[in-house]
Structure formats: C-alpha cells, structure tokens
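Sharing a model that was predicted from the sequence below.
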Amino acid sequence: MTAPEFETVLYGVADKIATITLNRPEQLNTIIPPMPDEVQAAVHLAVRDPDVSVIVLRGAGRSFCAGYNFGGGFHHWDDQLATDGQWDPGKDFVFATAAAISPTQQFMSVWRSPKPVIAQVHGYCVGGGSDFALCADLVIASDDAVFGTPYSRMWGCYLSGMWLYRLGLTRAKEFALTGKPLTGAQAAEVGLINRSVPFAELEVTVAEQARQLASIPLSQLSAMKLVVNHAYENMGISSTQTLGPILDGLMRNTPDARRFIEIAENDSVRAVITERDGPFGDYSQAPPEHRPNPDHVITP
C-alpha cells in the first residue's frame, strides 16, 4: 500500500508494524494544521492495510510533542475559530466537538483503531501532545521524558481526558490543579504510562513490544482492545471529550488568556512561558537536570 505524502508526519510499514512519526522536529513537533488530519489519515492507512498488526507512534527530533503551537497568536486556526478576526464561540464549540474535524477526535483515531497502538515518548510530551499520546494503548517513555499539562495554569483544559482515566481521582485532581510535570520514570511509577526505560533502550524496547504484539492474531488483539475500551467508554469518555474541549475554548479567551496570547504574539512564546512557569521552576524553567536531555534525538 502506497502512502501519500504528508506535510507534518512520516508513515512507513515494516514487518507488520506501521510507524507514524510526527515530523516537525525543529518545532518540537508542536501541533498545527494539518497534523491532526494527517495523523488520522495515517492511522486509517494502517487500519486498512492487511499487512499491519501494530502501530507505533513517535516524534522526530528532540521531543514527542510539545503541545499546540500558540506562537503568532494561534492564527493558524482562525478559519475554524474566528469570524472577522475575532474569536467565534459558536465556531469554536463546533470545531472542538465535531468528530470529522475536531483535533481531539482525530487524535482519538489511535484509540478507535482496532489495531493496538504504542506511543514511544521522549523529550517533551506536554499539553495537547500528552492528551494525544495517552490515547494510545501502551505508552513507553524514556526516563527523562517530561509529561505535563502546563495549560492547567493558563490557556486550556483537559482535551482527551486520558489524564483522568489513567490516573484516577486522587492523582488526577493533583495534576489538574497544579499542572506540575512528571518525568517518564515518575509517570510510570504513578501509572500514567506503562513503562519507562533509559533513552538508549527506548527504540529497541518499543520495537520488541511491537514484535511481541504482532505475533498474536490480530482478531485476538482487536477483541481485547475493544472490550477494555468499551469499559472506559461506559465511564463517560465521550462526555468528557465534549466538555473538555468546550472549556478549553473558554479558557483560551478569558481576559487573562487573551493577555497571555498577546504576549506570546507580540513578544515571544519564551517570555510568556517564563512568566507562567517561572514561579514553579519547572518545564523550560527547570534546572537542566530536570529537563529532557537535548542530545536524546529520534532520527526517522
């Protein structure tokens, strides 16, 4: 099966394993259009391919995904969110919740895929990037990866809701209210992800897990994934994914949020992130030993 040329992702198949690579390495794979559409299209390619049993999701360069790109004032989403240059809440809630066009729902294609998906995470996996990665069935990260939702402090709300369902009430409230990050090792310890390994072992660990899964009949994999997914869907994932993106739109347009994005647009993203995270001393404001190693790079 011949894959189309994508702008923001790479797609390849070998030995029953499809690999989808977010491919904006110089921008830490931040999310812009058409990335959600292309991820969904790549997942659909893998689902349709009879030679694929397992999907691996990863990011090129220094990070898996550093969330939605809000540099330049977020204007790359204006067609979906604005009318005459002003935020249009009617457009926003339709865009945020319509299955065919919602970025959250397009990223959820990995959840809906009958074929198991492994997220291979390194570097930053934050904001919308973490909402996306946690939609995968298995998440394996490097020890020094950083997971988090800095939008808990400003300019956002849980989107896929997977932080809630993976952590449970006690931990979910803690991270929802503080936005504090976890390393890959810490994320594995609290059960947010499945496993954490040294970066040097990450690719081989994911490849071995994918090979093991690919040795199981696809019908068996699909049946087990379906029953687990439905158990969680019965807990209200659909409702959470309706409310979360609507609240996200509201939180992007409060007076504080408008000031936040104006600073990012007129000064720099670094300036506004420094203001947001400086008091906490984390994410980009953390000391080097608490940030991902910049030498840990995935080369497609």
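Everything's here; your move.

Count the residues that sit near residue 234.
Neighbours of residue 234 under the rule other CB atoms under 10 Å: 9. In short, each C-beta sits where N, CA and C put it, glycine included.

Helices along the stretch 101-250 of the chain, start to end?
103-107, 109-112, 128-133, 162-167, 169-178, 184-190, 199-214, 218-233, 237-251 (DSSP state H, counting those that start in this stretch).

Nearest to residue 11, out of these?
helix 109-112 (13.3 Å; CB to CB).

Tell me the helices and strands packed up against that closest one.
Applying 3 or more CB pairs under 8 Å, 6 or more residues apart in numbering; DSSP states H and E, one finds that helix 109-112 contacts helix 35-48, strand 117-121.

which of the ones you listed is buried the deepest?
Highest mean neighbour count of these: strand 117-121, a mean of 27 (counted as mean count of other CB atoms under 10 Å).

any chance of the helices of the stretch 101-250 of the chain in JSON lines, with distance to residue 64 and mean neighbour count too?
Listed next are the helices of the stretch 101-250 of the chain as JSON lines, based on distance: least, CB to CB, whole Å; neighbours: other CB atoms under 10 Å:
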{"stretch": "helix 103-107", "distance to residue 64": "13", "mean neighbour count": "23"}
{"stretch": "helix 109-112", "distance to residue 64": "13", "mean neighbour count": "21"}
{"stretch": "helix 128-133", "distance to residue 64": "6", "mean neighbour count": "29"}
{"stretch": "helix 162-167", "distance to residue 64": "14", "mean neighbour count": "20"}
{"stretch": "helix 169-178", "distance to residue 64": "18", "mean neighbour count": "13"}
{"stretch": "helix 184-190", "distance to residue 64": "10", "mean neighbour count": "20"}
{"stretch": "helix 199-214", "distance to residue 64": "11", "mean neighbour count": "17"}
{"stretch": "helix 218-233", "distance to residue 64": "22", "mean neighbour count": "13"}
{"stretch": "helix 237-251", "distance to residue 64": "20", "mean neighbour count": "18"}
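
What backbone torsions are found at the residue located most distally from the centre of the chain?
Most distant from the centre of the chain: residue 84, at 30.2 Å, with distances by CA atoms, centre = their mean. Backbone geometry at residue 84, expressed as degrees, to the nearest 10, gives phi 50, psi 40.

can you list the residues that contact stretch 215-229?
For stretch 215-229, contacts defined as CB atoms under 8 Å, 6 or more residues apart in numbering pick out 53, 54, 111, 112, 114, 115, 116, 137, 213.

Tell me who's in contact with the last one.
When you say that, I think you mean residue 213. 53, 54, 116, 118, 221.

Isn't residue 111 up against residue 135?
Yes: with contact defined as CB atoms under 8 Å, residue 111 counts as touching residue 135 (4.6 Å).

OK, contacts around residue 58?
Each residue near residue 58 by CB under 8 Å, 6+ apart is listed here: 19, 20, 21, 22, 64, 119, 120, 121, 122, 206, 298.

looking at this, residue 275 is in a helix?
Yes: checked against DSSP: H, G, I helix; E, B strand; the rest coil, residue 275 lies within a helix.
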